[in-house]
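Colleague: Structure, please.
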Amino acid sequence: MHDWTLLSITIDWKAGEATLRLTWRSEHKELLAIDLREIRIPRSQPWGPSVSINKVEGPKPQDDGMQRLTIEIQSGDLIEIVARAFRMPM
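Modeller: Residues are numbered from 1 along each chain as shown. All right, here's what the predicted structure looks like:
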C-alpha cells in the first residue's frame with residue numbers, strides 16, 4: 001500500500017466499524033475494521049505534511065483474539081487500529 005492516498009476515516013460507532021477511504025492510481029478503495037475496539041489517529045506530522053501511506057503492518061493477531069493494524073503515513077504519523085477483523089482492499 002506504499003504511496004496509496006488516505007482520503008478519510010469514518011467511524012460508525014453503533015456498528016463498531018471504521019472505514020478508511022483510499023485511492024491508488026485513481027481507483028477508490030476501502031479498508032474496513034470490523035468490531036472496532038481501539039483507534040488512534042495522530043496528526044502531528046513530524047516529517048511534514050502528507051496524505052500518502054508509507055507502509056502498513058498487519059493485521060497482526062493479539063493475545064486477546066483481536067488484530068492490530070498499523071499504518072505509517074509519510075508525515076511520520078502512525079495510525080493504529082485494533083479490531084476483531086479487517087477487510088483489506090485489493
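
Colleague: ranges for the strands of the chain?
Modeller: Secondary structure of the chain (DSSP state E): strands located at 5-12, 17-24, 27-40, 53-61, 67-73, 78-87.

Colleague: State the mean pLDDT of stretch 18-35.
Modeller: On average, the pLDDT along stretch 18-35 is 96.

Colleague: and the end-to-end length of it?
Modeller: 9 Å (CA to CA, to the nearest Å).

Colleague: returning to what we had before: which of the strands of the chain has the highest mean neighbour count?
Modeller: A comparison of these by mean neighbour count, using mean count of other CB atoms under 10 Å, puts strand 67-73 on top with a mean of 19. Any C-beta I mention is one placed from the backbone N, CA and C, and that applies to glycine too.

Colleague: who touches that one?
Modeller: Strand 67-73 is contacted from outside by 1, 6, 20, 33, 50-62, 78-86, using CB atoms under 8 Å, 6 or more residues apart in numbering.

Colleague: OK, contacts around His2?
Modeller: So His2 contacts 53-55 (CB under 8 Å, 6+ apart).

Colleague: ok, so of those residues, who is nearest Met90?
Modeller: Of all those, Met90 sits closest to Ile53, with 15.3 Å by CB to CB.

Colleague: Can you read off the pLDDT for the residue most central in space within the chain?
Modeller: Most central in the chain under CA atoms, centre = their mean is Ile71, positioned 5.4 Å from the mean C-alpha point. For Ile71, the model assigns a pLDDT of 98.

Colleague: now swap in Asp12 and tell me
Modeller: Per-residue confidence at Asp12 stands at 98 (pLDDT).

Colleague: Which strand residues bridge it?
Modeller: Note on Asp12: beta-bridge partners Glu17, judged by DSSP bridges.
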